[in-house]
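**Student:** Give me the fold of what follows.
(chains A and B)
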Amino acid sequence: MSRFLVERDDETRVRLSEGMELTKGQSVLAVLGLAVLFAVPDITRLTSLSFQAVHRGILFGLAAVGLNLLLRHTELVSFGHAAFFGVGAYGAAVLASHFDVSSGLLLLFGGVLASTVTAVLIGYFVAGYLDIYFALLTLAFNQVLYAFVLQSGYFNYSDGLSVRPDGLNPPTLFGLQWSSAGYDLILYYFTVVVLVVSLLAMWKLVNSPFGRALDAIGQDRTRARFVGIPVEKYVWIAFAISGVYGGLAGGLFALLQLHVSPDPTLYAFVSGEILFMAILGGFGTLVGPVVGGVVLVYLLIQAPFYVEYYNALTGLVLIAVVLFLPEGILGSIPKIGTGLARRRRDPGLLREDLTTLGSSLRRGANRAVTTVRIIVFGVN
Amino acid sequence: MTTGPLTAAESDGIDRRTLLKTVGGSALAVALAGCTELLEDGEDSLADADVPDEPIESGLQTFTEGAPSVLGVQAQYGAETAVRRINENDGIAGREMNLDVVEEGGAYLTNYQQFVDEGKDVTFGPISSSGHAEMVPEIEAQEVINVSTDGTVTTLYEEDFPDVTYSFRFQNHDVMEALAAVMQAVEVLGSDSIDTYAGINPNYAFGQDEMDLFSRGIEALTGAEEVYSGFPDLGTGDMSTHITEVNGEAPDIVFSSCWGGDATLLLEQGHANGMFDAVDLLVGPVLYGSANDLSEDLVDGPIYSGSRNFYWGEPSTDRWSPAADLVSEVEDEYGVVPTAHFMSGYGAVTAWATAAEKAVRLLGRWPEQEELATVLENHGFFTPAGYHTIGVDHQGYSNAHFGELTWSSDHDAAALADVNVFAAKNVSPPPGETSADWIGSW
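**Tutor:** Next comes the predicted model:
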């Protein structure tokens, strides 16, 4: 066996680094995913797909990867992660608008720094809380930031700030002033590199002793405390790390949109969207939130061009995912693959599927009626 | 400077022969001016021009839902009406026009980018001033002309982007309606009777811009003192605290640039809290934009509203057939009376379409974006609202209207009475001068 190939569990695996080994199937998927990512500009040029929407989706997906650290491992639901996305975006915008910083990388660094500080501060206050209290506290901090920016002349109220240091042109990237098309392309490839590095870092993190400790915290805080894990401290660190991801995504979003305003970055609905991206793509997987980000953002941006009641359409898609793909798009692929193989062998199973679908819809309707009855009459 | 309103003869003092001559006898320009019956045989067919066969693809972003749709849907109706008239008159230099409409929401940039991705020849909108400011650099980078329907912040083309190529605005900018409000207030109350004023304006670029310009104008003309200025959030559910403050100060004038659902709320809560007993006058440049949303009891009181560059009853529809025809067409088609925001959509499409046809005549072929942008500068054209120009500074200029808010039982909708028409040169600075400097020189 070479340095890059190891034999484990009767299977040859590709070894990327210490402890990071992929099966043959995973390696093929990873290479395919990377190839698709790098080919996105060409794919969108040759098809009617929107390059901007995919790019934006990847950025929101990156924020969802950060949120997933809490959701998947510590089992904490944050309703306020737009705070870090927004602070990252505003950090870059403030440097460009008020301090005429023209380097895109410096703007990004400023955004990440601002979001990290914010995440450390908020994390300090919320790390000791659980369940709904944790969720509501994060939401509350998010709302405070949103309201503050909305009322502040420094952040230009609801009109937001431009990320164009000279008023008309985008910032420089790698020391050069690019044309509009060149800027978009360079920024995209830079985003892909950031995404890949961020995913690898997250993979290392969740597979480290620290990641295992977070899993333990998620499963049972009291037991985790008994085995000597400093629970609040670890949650605080995880919260800060997830804030870094949010800030990174927000900073890149500012460089992409070149204008930052409160509603698309800091509003509580954005937090809900980031949370849903993780669930939609599959929060039990590493890459699922990115897939969820691209799908949801694409749906939100593109649907208005095709459907009049586009909010209803996105709602219906989300309901369908929750009902039929509870493990998310990526998380459900293995199950779907196995199911399809079984139905190819035994087509009779399709009839059973229809029966199951009918009964689950009936059960869902019954549950809804019961819930409405409880809400209206107070008892079932 | 002249501050008085124009007489009716000055504002519509143009006969049919002159109009036909002015628009060049083009079927399209005449049709969009609303005067198709003037057409004679022998219209230049532009047959020799090298023009592609495929239809022109255009996109409009506007508010189609929520409180701002009071304005946005009117702009949509206006743009659709203009496109329908273009296609009924054999298109622009023979090219038919398609229009896609998308909800503006907060997605100004992505909407514009998507339109460009789809290969649109031109885009229109947005309604929002902050959205317009956000879009201008992107429009300059993408080099596909956008004619904004509204987005009327004065500083946009005066200070923020004084030298642009592809970004235009059809609707009169804020200084024109804020100063029309100043002059209307002076005419109603008399400058000697105005000692104090207050403002309730939406808390974003447009509201702040309008309040600033009104303050400069009213102080320059009357020496009045500001006693209160409140900025409720756009789309707020409650203005009562601001109204209470105003009632406490009892100023001579309240100025409000509230629009859409905010305008309705201001009038509702103003009546409920006795604001119209406490103040002598409310002047609101865009209250009338909510005409189809207002009830009879809400327009009762000393309330005067602007109607930007179009009010359907001025000049009288008895004497001005294009406006009369438009009103009946819009009432039949959509069941509403057209407001100034209808003309925002109609005028933005008309500005571009008439300039495109002019460019084809000049070049003998379909123009490039940059050539069309050059023709749009200093371009003049008619709509049923009268004569409009797009200045070299890319702003729209035409008469500004102001009148007393009243009720029309004929149309079962809010209307304006005793409408004053202010010429553009009397309510906006000469090219090259900023509004603040110009008002400061009065």
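**Student:** Now do the residue most central in space within chain A against chain B, distance only.
**Tutor:** Compute the mean C-alpha point of chain A, and by Cα atoms, centre = their mean the closest residue is A:Ala64, 1.5 Å away. With the distance defined as Cβ to the nearest Cβ, to the nearest Å, A:Ala64 ends up 19 Å from chain B. Just so you know, the C-beta spots here come from the backbone N, C-alpha and C atoms, and that holds for glycine as well.
**Student:** Report how many residues lie close to A:Arg344.
**Tutor:** 9 (other Cβ atoms under 10 Å in any protein chain shown).
**Student:** Can you tell me what sits against stretch B:149-156?
**Tutor:** B:60, B:62, B:71, B:75, B:78-79, B:124-133, B:136, B:169-175, B:177, B:205-206, B:209, B:213, B:341, B:344-345, B:347-348, B:435 (Cβ atoms under 8 Å, 6 or more residues apart in numbering or on different chains).
**Student:** what about it, how long is it end to end?
**Tutor:** With Cα to Cα, to the nearest Å as the measure, stretch B:149-156 spans 14 Å from end to end.
**Student:** quick one: that stretch to chain centroid distance?
**Tutor:** 10 Å (Cα atoms, centre = their mean, to the nearest Å).
**Student:** And stretch A:40-57, by the same measure?
**Tutor:** 19 Å.
**Student:** quick one: buried residues of it?
**Tutor:** A:Val40, A:Pro41, A:Thr44, A:Ser50, A:Phe51, A:Gln52, A:Ala53, A:Val54, A:His55, A:Arg56, A:Gly57 (16 or more other Cβ atoms under 10 Å in any protein chain shown).
**Student:** Figure out the length between the terminal residues of it.
**Tutor:** Stretch A:40-57: ends 12 Å apart by Cα to Cα.
**Student:** For it, which outside residues touch it?
**Tutor:** Against stretch A:40-57 from outside (Cβ under 8 Å, 6+ apart): A:36, A:184-185, A:187-188, A:191, A:253, A:256-257, A:293-298, A:301-302, B:110, B:113-114, B:117-118.
**Student:** which among those end up buried?
**Tutor:** A:184, A:187-188, A:191, A:253, A:256-257, A:293-298, A:301-302, B:110, B:113-114, B:117.
**Student:** Against A:Thr44, how distant is the residue of the stretch 1-150 of chain A found nearest chain B?
**Tutor:** Sorted by distance to chain B under Cβ to the nearest Cβ, the residues of the stretch 1-150 of chain A start with A:Gln52, at 5.0 Å. Applying Cβ to Cβ, to the nearest Å, the value for A:Gln52 to A:Thr44 is 9 Å.
**Student:** A:Gly228 too?
**Tutor:** Relative to A:Thr44, and taking Cβ to Cβ, A:Gly228 is found at 51 Å.
**Student:** Next to chain A in this structure, residues from chain B, please.
**Tutor:** Within chain B, the positions near chain A by Cβ under 8 Å from any Cβ of the partner chain are B:100, B:102-103, B:105-107, B:109-111, B:113-114, B:117-118, B:130, B:133-134, B:137-138, B:140-142, B:160-161, B:203-205, B:208, B:233-234.
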